[in-house]
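Chemist: only geometry, no sequence info:
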């Protein structure tokens, strides 16, 4: 069974230009987690058919994100707080969708205010602040988890474009 940390590692791999070239050390440093956690996540991703080594199987990952993530990792909304925008409130979706609310991942390192959305893993906001490509993939995942039909459709299209590179 995939854990949230496995999905976070998969998101990081999907955000790379050459994901198969990533070392466990690079992944751990990029996400701010231990190498042993990365090793366990990669093994689970391989068992699940989502990765071959450190290279993600893009079509399988896309299927998980688009069709499974909202059911396996349901969104948990919380009270308004300061944080990092996500889902429809962050790039690349905010330019394509108009909304009155701003969803945020709670973090003291960001300065937007709105209803909170628990990230798929606690390490996501800090890693997203350091890595715009990872941030984009996780924003699209959140839009697929929490979004309404139109938001999900736009996120799905952008995810497909992003993964086609």
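Modeler: Everything's here; your move. Note that the structure is predicted; figures quoted are calculated from it, not measured. Residues are numbered from 1 along each chain as shown.
Chemist: and the residue nearest to residue 44 when sequence neighbours are not counted, how far from residue 25?
Modeler: Here the nearest residue to residue 44 in space, its sequence neighbours aside, is residue 6; by CB to CB, 6 or more residues apart in numbering that works out to 4.9 Å. All C-beta atoms are positioned from the backbone trio N, CA, C, and that covers glycine. The gap separating residue 6 from residue 25 is 18 Å, by CB to CB, to the nearest Å.
Chemist: among these two, which residue is more densely surrounded?
Modeler: Comparing residue 6 with residue 25 by neighbour count (other CB atoms under 10 Å), the higher total belongs to residue 6, at 23 against 10.
Chemist: in contact with the more buried one, which residues?
Modeler: 41, 44, 45, 48 (CB atoms under 8 Å, 6 or more residues apart in numbering).
Chemist: want to throw those into TSV with secondary structure and neighbour count?
Modeler: Conversion of those to TSV gives the following (DSSP: H, G, I helix; E, B strand; the rest coil; neighbours: other CB atoms under 10 Å):
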residue	secondary structure	neighbour count
41	helix	27
44	helix	19
45	helix	24
48	coil	16
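Chemist: for residue 162, state which of those residues is nearest.
Modeler: Distance from residue 162 was checked for each of those by CB to CB. The minimum falls on residue 45, at 18.6 Å.
Chemist: number of residues surrounding the closest residue to the closest one other than its chain neighbours?
Modeler: Once its chain neighbours are removed from consideration, residue 45 has its nearest residue in residue 51; the separation is 3.9 Å (CB to CB, 6+ apart). Here the count is done by other CB under 10 Å, and residue 51 has 24 residues near it.
Chemist: isn't residue 51 up against residue 57?
Modeler: Yes: using CB atoms under 8 Å, residue 51 is in contact with residue 57, at 6.4 Å.
Chemist: thinking again about what came up before, what about the residue nearest to residue 44, which SS state?
Modeler: Reducing the assignment at residue 6 to three states with DSSP: H, G, I helix; E, B strand; the rest coil gives helix.
Chemist: do you know the pLDDT at it?
Modeler: The per-residue pLDDT reported for residue 6 equals 98.
Chemist: please parse this protein into its domains.
Modeler: Recorded structural domains for the chain (assignment: automatic domain parsing) are 4-72, 77-164.
Chemist: how much space between the spatially most central residue of the chain and residue 150?
Modeler: Within the chain, the residue whose C-alpha comes closest to the C-alpha centroid is residue 138; the distance, by CA atoms, centre = their mean, is 2.2 Å. For residue 138, the distance to residue 150 equals 20 Å [CB to CB].
Chemist: lovely, talk soon.
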